[in-house]
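Student: pasting a predicted model and its sequence here:
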Amino acid sequence: MSAASNTRNMLKAAPGAAISVFFLWRTFRGISYAQIRSLHIVAPAWFLGVVLFSIASYTLRSLRWTRMMRSAGTPFRTCARVLMTALAANNILPLRIGDIMRVFTYAPDLGASPSFILSTVILEKLLDIFVLSVLFVLTIARGFSPKVRFVASLAVSVSGLCILILLFGARWLVGPLSRLFARLPKHPIFIKLEHWIMLALECIRQIGFVGTITLFFFTCSVWACETAIYLSFARMVDLRLIGRGILGAANAVAFVNLSFLIPSSPGGIGPFEAAAQKSLSTYGANPARAALFGLALHVWMLVTITGVGGAWFLIHRARRHINTSLLTEIETLPTELP
């Protein structure tokens, strides 16, 4: 990799790193060493729940993507390997390179075109954002003003309606949207936007109504498992929340994962911990303990996902005798999406 290329990559990563540093400083300022030591494992049996629900969550994610890739005939094992490798790459590389590798680098393994794979990635993100947004609004608690709750509810209602129309009315939207784009200026942005929307609609059309319901079931199950992970981790370290902690854990899951929309360093370092502190403290947790809880949970997720995905990546390359370095593969990625 050339010096000029290194400089460009550093400049691209600098804003995200600065945002992460800001959120970490804002979240952990004033936390003493004694408070750090106060967070420790109290009920180790709950660690089993953390492990089992983590396995269930990523198994369900892989099953969901396998269902999306059904028309390409991609087997579950391949989808699981590529997905975990992409998630691991997102944790250590900037600009969500893992998702771009899913589209381009692994297209031959998946037996599908980059355009089709991109449509499934777009659909996957839409489903996650919709379910997380609904979950956040349903569990929003004190600590947020009535005005914020109203705006959040209105935004979710409008966007949710649009997404539901998109998911369940794909076959009827192709004609009207084609006529709409035909009237717009032939600008490259509009042309690319039309291409991506039509790709997503075609993907949804191929999946069908029953398939779409199945995807919703998988998506809801994924985030139910994530809520169980947060709750198990809280019980393990004795983080006390209002009631049984289920609503607090669910709100934290929604708020934390929506915080990944904020540009930051790889793995969402900074926004993750800040969102966990804000959410859990509104449900009765001590702010300092909530921040440390977020950090500990984030470390667990980064280590396990990166470890599993990285190991799968290395084993696959060793079996296929692939000697090209990862950095070389990244440098050869196209600069534009299909």
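Tutor: Happy to help now that I have it.
Student: count the residues that sit near residue 215.
Tutor: By other C-beta atoms under 10 Å, 20 other residues sit near residue 215. (Each C-beta comes from the backbone N, C-alpha and C, glycine too.)
Student: right, and it touches residue 68 too?
Tutor: Yes - at 7.1 Å, residue 215 counts as touching residue 68 under the criterion of C-beta atoms under 8 Å.
Student: give me the common contacts of those two.
Tutor: The contact sets of residue 215 and residue 68 overlap at 123, 207 (C-beta atoms under 8 Å, 6 or more residues apart in numbering).
Student: ok, residue 16 to residue 267 distance?
Tutor: Per C-beta to C-beta, to the nearest Å, residue 16 is found 10 Å from residue 267.
Student: can you get me a residue count around the nearest residue in space to residue 107 that is not next to it in sequence?
Tutor: In space, and not counting its chain neighbours, residue 107 is closest to residue 114: 5.1 Å by C-beta to C-beta, 6 or more residues apart in numbering. Counted with other C-beta under 10 Å, residues neighbouring residue 114 total 18.
Student: shouldn't residue 98 be in contact with residue 83?
Tutor: No - using C-beta under 8 Å, residue 98 makes no contact with residue 83, being 9.1 Å away.
Student: tell me where the protein has helices.
Tutor: Taking DSSP state H as the criterion, the chain carries its helices at 3-28, 33-38, 46-68, 76-92, 97-103, 107-110, 114-139, 146-168, 170-183, 188-236, 246-258, 271-282, 287-320, 326-331.
Student: as CSV, those with mean pLDDT would be great.
Tutor: Listed next are the helices of the chain as CSV, based on pLDDT from 0 to 100:
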stretch, mean pLDDT
helix 3-28, 78
helix 33-38, 88
helix 46-68, 97
helix 76-92, 96
helix 97-103, 92
helix 107-110, 94
helix 114-139, 89
helix 146-168, 74
helix 170-183, 83
helix 188-236, 89
helix 246-258, 94
helix 271-282, 95
helix 287-320, 95
helix 326-331, 72
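Student: what's the burial count for the nearest residue to residue 239 once chain neighbours are set aside?
Tutor: Excluding its sequence neighbours, the residue lying closest to residue 239 (C-beta to C-beta, 6+ apart) is residue 293, at 5.1 Å. As a burial measure, residue 293 scores 24 neighbours (other C-beta under 10 Å).
Student: wait, doesn't residue 293 sit right on residue 39?
Tutor: Yes - counting by C-beta under 8 Å, residue 293 does reach residue 39; the two are 6.7 Å apart.
Student: mutual contacts of those two, please.
Tutor: Common neighbours of residue 293 and residue 39, counting by C-beta under 8 Å, 6+ apart, are residue 237.
Student: picking up where we left off before, for residue 134, see how far away the residue nearest to residue 107 is.
Tutor: Separation of residue 114 from residue 134 (C-beta to C-beta): 31 Å.
Student: how about residue 268?
Tutor: Using C-beta to C-beta, residue 268 is found at 21 Å from residue 134.
Student: which residue packs closest to the residue nearest the centre of the chain, ignoring adjacent ones?
Tutor: Using C-alpha atoms, centre = their mean, the residue of the chain that lies closest to the mean C-alpha position is residue 257, 6.4 Å off. Of all residues not flanking residue 257 in the chain, residue 132 sits nearest, at 5.4 Å (C-beta to C-beta, 6+ apart).
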